[in-house]
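sequence and predicted model, in that order:
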Amino acid sequence: MDDLRQKYLALVSGAGDEATLEDVRLAALGKKGEISLKMRELGRMDPEMRQATGAALNRLKDEIDLALRAKKAALGDAALDARLKDEWLDVTLPGRPRAQGTIHPVSQVGEEVTAIFADMGFAVAEGPQIESDWYNFDALNIAPEHPARQEHDTFFMAREAGDDRPPHVLRTHTSPVQIRAMQAQGAPIRVIAPGRVYRMDMDQTHAPMFHQLEGLAIDRDISMANLKWVLEEFCRAFFEVEGVELRFRASHFPFTEPSAEVDIRCSWDKGQLKIGEGDGWMEILGSGMVHPKVLEAAGVDPDAWQGFAFGMGIDRLAMLKYGIPDLRAFFDSDLRWLRHYGFAALDMPTVSGGLSR
Ligand code: PHE
């Protein structure tokens, strides 16, 4: 009896987990456990012997049972402790990280401009940034010997010797999207095309990569008057000043005839630019009636259709509207600059909400 007692109490205290402990319980007290088998032998004993042995066996059984329970509770506590340690969580930590990013002024102004023209029925069109020189120049009535090819300070894509595929350039303006949109859609058409353009140029107001917004409207009888109204309407909404005044200056582009550059009335007051008042003028875009040769190149019949096109610099518009003096800083990725000039991520510009709010 003492041997059994020592054996099982040692096994119980040595069990390292609940499964081992259960094995010990079965070995001692299970149906075929050692102590249970001993109980069965009681029937073959004489009454006195049976009483003494039975009582001792019962005590042993109770003792082991008690030890098992105590050990089980201890193992359970230890497991819980381990889990608590494992799954520990500092609930005093801030629940959400502070928003870090801001919307870049170029993205913001791109959204504002798109919202205004969408409101006037213009859809958004796109084209590739690596463009064939046919789309970038020829189709826009810029002949190979035309000085505009040089004026555009074009980046040409490198070519292997013997490569006779058509030459490609980084597009110097968004005007090739006019051609692509008309080829894809025909006339009538009303699209804008915002996007990146490239020219070898770098100073306070020029970067080798910048952003333009192209506009194109073609129908049976669209005239300069429609162009003027659309641009005035745009400036009023974009600069959020009622009495904007525009000046149309005769100009020349190979892809429009007649052509006009458009200036907006403004003044400089102690380094601060004011749009819509004063006696200064600031050029903001190029425009004109789409040249018949351009329509033809894009597969649109110039005897049946006509319309206007314009192109403006998105970065330039952002500088004007938000008083940002140096264009180069736009592309420096300086976080301090972005926090200063950037916009909150959830403020989507809308015409009805007042774009800049
Ligand atoms: N593509 C011209 C430029 O980049 C702008 C322009 C577009 C002018 C459409 C007239 C019509 O300077």
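Right, received. Where do you want to start?

domains in this structure, by residue range?
Split into domains by automatic domain parsing, the chain comes to 2-86, 105-341.

next, residue 60: secondary structure please.
Secondary structure, DSSP: H, G, I helix; E, B strand; the rest coil: residue 60 is helix.

what's the neighbour count on it?
20 (other C-beta atoms under 10 Å). Every residue, glycine included, has its C-beta placed from N, CA and C.

ok, now residue 307?
Residue 307 has 24 neighbouring residues, counting by other C-beta under 10 Å.

helix, strand or coil for it?
Residue 307 ends up strand, using three-state DSSP.

quick one: residues in contact with stretch 218-225.
Stretch 218-225 is contacted from outside by 182, 187-190, 258, 260, 289-290, 295, 300, 304-308, using C-beta atoms under 8 Å, 6 or more residues apart in numbering.

so residue 309 is in contact with residue 256, correct?
Yes. If you go by C-beta atoms under 8 Å, residue 309 and residue 256 touch, sitting 6.1 Å apart.

between these two, which contacts overlap?
287, 288, 289, 290.

of the residues you listed, which are in range of the ligand?
With C-beta under 6 Å from any ligand atom as the criterion, the shared contacts of residue 309 and residue 256 include 287, 288 near the ligand.

using TSV, lay out the shared contacts of residue 309 and residue 256 together with neighbour count.
Shown next, in TSV, are the shared contacts of residue 309 and residue 256 (neighbours: other C-beta atoms under 10 Å):
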residue	neighbour count
287	24
288	23
289	18
290	27
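
and which of the shared contacts of residue 309 and residue 256 is nearest to residue 144?
Within the shared contacts of residue 309 and residue 256, proximity to residue 144 (C-beta to C-beta) peaks at residue 290, which comes in at 21.3 Å.

nearest residue to the closest one other than its sequence neighbours?
residue 309 (5.1 Å; C-beta to C-beta, 6 or more residues apart in numbering).

elements contacting the longest strand anywhere in the chain?
Under DSSP state E, the strand in the chain containing the largest number of residues is strand 256-269. Helices and strands touching strand 256-269, by 3 or more C-beta pairs under 8 Å, 6 or more residues apart in numbering; DSSP states H and E, are helix 224-239, strand 246-253, strand 272-275, strand 280-290, strand 306-313.

of the ones you listed, flag the one that's most buried.
Of all those, strand 306-313 carries the top mean neighbour count, a mean of 23, counting by mean count of other C-beta atoms under 10 Å.

what angle do that strand and strand 256-269 make?
Angle of strand 306-313 versus strand 256-269, following axes from the mean of the first three to the mean of the last three C-alpha atoms, to 10 degrees, is 40 degrees.

contacting residues around the lowest-mean-pLDDT helix or strand in the chain?
In the chain, no helix or strand scores lower on mean pLDDT, DSSP states H and E than helix 147-151, which sits at a mean of 71. Contacts to helix 147-151, defined as C-beta under 8 Å, 6+ apart, come from residues 137, 142, 254.

just to check, the second one is in contact with residue 254?
Yes. Counting by C-beta under 8 Å, residue 254 is a contact partner of residue 142 at 4.8 Å.

where does residue 50 land in three-state SS?
helix.

tally of neighbours for it?
Counted with other C-beta under 10 Å, residue 50 comes out at 14.

isn't it right next to residue 42, touching?
Yes. Taking contacts as C-beta under 8 Å, residue 50 lies within contact range of residue 42: 5.0 Å.

residue numbers of the stretch 51-200 of the chain in contact with the ligand?
Applying C-beta under 6 Å from any ligand atom, we find that the stretch 51-200 of the chain lies next to the ligand at 173, 175.

quick check, the residue in the stretch 51-200 of the chain closest to the ligand?
Nearest to the ligand in the stretch 51-200 of the chain, going by C-beta to the nearest ligand atom, is residue 173, at a distance of 3.3 Å.

tell me the spacing between that residue and residue 221.
Per C-beta to C-beta, to the nearest Å, residue 173 is found 27 Å from residue 221.
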